[in-house]
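S.K.: From the sequence below, what's the structure:
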Amino acid sequence: MTLPPKPPSRPDRVSLWRHLRLFRQDILSAQPARLYRAWMAEFRTPFFRSYLCNDPRLIDLVLTVRPDDFPKSNRIREGLNPLLGNSVFVTNGEVWKRQRRIIDPAFEGGRLKDTFPAIHAAGRAAVARLPEGVVEVEEAMSHAAADVIFRTLFSIPIEDAMAQAVFHEFRAYQRSQPILNLAAFLPLPRWMPRPHKRATLASARRIRALITQMTEARAAQISAGTAPDDLATKIMTTPDPQTGARFDTAEMVDQVAIFFLAGHETSASALAWALCLMALYPDVQTRAAAEAQAALGTDAAPDFAVMGRLRLIRDIFRETLRLYPPVPMMVRENRCPEVFRDRPIAPGAQIVLSPWHVHRHERLWDNPDAFDPDRWSRAETRATAREAYLPFSAGPRVCTGAGFAMAEGTLLLAQLLANFRFDLAEGRPLPVPVAHLTVRAKQGIPLHVTRRS
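M.R.: Take a look at the predicted model:
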């Protein structure tokens, strides 16, 4: 049986310098194979200790039981600071809690149903754009996911000139930014400038300038009473229930940057890998295409109830997120002395939670490296998933757009499979997963696309 692509593991023992170089290139292949069986592993550097925790009890402790004692590590923030500023993705404590109090209402209750027509329209546009022949689907899915973000956040399609400019700058930023900045490894004082690439800094400045223009224009529409009822308007007009304060322009720019980065990058990654898996497993693709065509019917826009008829495609998307979680690792820092699995952990240690390893852990999942969307209809999988499935994190910091992302991924995948068949491109090697800002393919994912009759 063909297994989905998986990056090679490094030798069990390498020098610190070699490990840092591998880590900067790709954090997935920089890890030893033993981590797919280990409950915990310690990594030592001259400046800090790092503990990778695969034990579900420890993951629950860090993310759900005592999240305030394990804030997000500022080492991860180093590389993202030029773009994300003080966004909800990198903040901690009371600042983060205030941001979530303002943002969360935009994604609650009926808001997902309200955004469904915009997601469906973006899917139809993606179907209309997709050519036949060999297509680099990572790029195509980036385009589609960006279209969803612009339609749901600012009520504009990707064809809008401002949307196009932001999209292309994000592509440049993604290619220039390693997942970890060098400052993540070194104890640099706060006043010292961080060693970012010039291209990264320039892209971040241009992106933030464009988002500022969009945010200021929306603020003017809100003042004039002409703003559309979309996510940007909802967030910008929601007061903090404790203080009554709203986001100012600078704060909103930070949040829009992470909405675009998280919502666009992660969805594009998952959709591209889902199509790759469909090409690898044509029998599953045939079943999924039949389900999509039966559920979606004619070109008329369906209502939200169609999601209940896309069960196999939903499970394909779930399984894709298990095998290729877009955010492969999360890093926290312990504030208090701890004891993990009889090992003392000093304050300030880096606690690494790795969806990549937990989702493929040999002691947690049956046949963990296999693509098996039908596993999600089995009781034992549902039990395992409760403690060992975290593509959107867990606990209070669970991704606020998790439901949105699942609906988007399932619907767009259904629309694509209803209209096209995806096959491996002849003469091209299988894609190799690597971690940049998200889990991507080292040389892209070229697939042969054929329109269904």
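S.K.: Return the distance of the residue nearest the centre of the chain relative to residue 273.
M.R.: When Cα atoms, centre = their mean is applied to the chain, the residue found nearest the centroid is residue 266 (2.9 Å). Residue 266 sits 11 Å away from residue 273, going by Cβ to Cβ, to the nearest Å. C-beta: built from backbone N, CA, C; applies to glycine.
S.K.: if we can go back for a sec, mind checking how far the residue nearest to the centre of the chain is from residue 102?
M.R.: Distance from residue 266 to residue 102, by Cβ to Cβ: 22 Å.
S.K.: same check, this time on residue 28
M.R.: Between residue 28 and residue 102 the computed distance is 35 Å (Cβ to Cβ).
S.K.: Go through stretch 126-135 and flag the buried ones.
M.R.: 126, 127, 130, 135 (16 or more other Cβ atoms under 10 Å).
S.K.: Tell me the one of those residues nearest residue 90?
M.R.: When these are compared for distance to residue 90 (Cβ to Cβ), residue 126 wins out at 30.4 Å.
S.K.: contacting residues for residue 74?
M.R.: Listed by Cβ atoms under 8 Å, 6 or more residues apart in numbering, the contact set of residue 74 reads residue 333.
S.K.: Stretch 446-453: how far from the chain's middle?
M.R.: 26 Å (Cα atoms, centre = their mean, to the nearest Å).
S.K.: Buried residues in it, which are they?
M.R.: The neighbour-count check on stretch 446-453 (16+ other Cβ under 10 Å) flags 446, 447, 448, 449 as buried.
S.K.: contacts for it?
M.R.: Contacts of stretch 446-453 with the rest of the structure, by Cβ under 8 Å, 6+ apart, involve 130-137, 275-276, 279, 289, 418-426, 428.
S.K.: please redo it, this time with the cut-off set to 7 Å
M.R.: Contact partners of stretch 446-453, identified using Cβ atoms under 7 Å, 6 or more residues apart in numbering, comprise 130, 132-137, 275-276, 279, 289, 419-425, 428.
S.K.: mind checking which helix or strand residue 123 is in?
M.R.: Residue 123 is part of helix 111-129, with elements assigned from DSSP states H and E.
S.K.: Now that helix: buried residues?
M.R.: For helix 111-129, by 16+ other Cβ under 10 Å, it's 111-112, 114-116, 118-123, 125-127.
S.K.: Tell me which other helices or strands that helix touches.
M.R.: helix 137-154, helix 402-419 (3 or more Cβ pairs under 7 Å, 6 or more residues apart in numbering; DSSP states H and E).
S.K.: got a list of what the closest residue to residue 441 other than its chain neighbours touches?
M.R.: Nearest residue to residue 441, sequence neighbours excluded (Cβ to Cβ, 6 or more residues apart in numbering): residue 431, at 3.5 Å. By Cβ under 7 Å, 6+ apart, the contact set of residue 431 is 5, 276, 441, 442, 443, 444, 445.
S.K.: Check the secondary structure at the first one for me.
M.R.: What DSSP: H, G, I helix; E, B strand; the rest coil gives for residue 5 is coil.
S.K.: tally of neighbours for it?
M.R.: Per other Cβ atoms under 10 Å, the neighbour tally for residue 5 reads 20.
S.K.: For it, give me phi and psi.
M.R.: phi -60, psi 140 (degrees, to the nearest 10).
S.K.: Strands of the chain, residue ranges please.
M.R.: Applying DSSP state E to the chain gives strands spanning 40-44, 49-53, 133-136, 330-333, 338-340, 343-345, 350-353, 420-424, 433-435, 439-441, 446-451.
S.K.: quick revisit: out of the helices and strands packed on helix 111-129, indicate the one that is most buried.
M.R.: helix 137-154 (a mean of 25; mean count of other Cβ atoms under 10 Å).
S.K.: one step back: the inter-axis angle of the helix holding residue 123 versus helix 137-154?
M.R.: Counting by axes from the mean of the first three to the mean of the last three Cα atoms, to 10 degrees, helix 111-129 lies at 140 degrees to helix 137-154.
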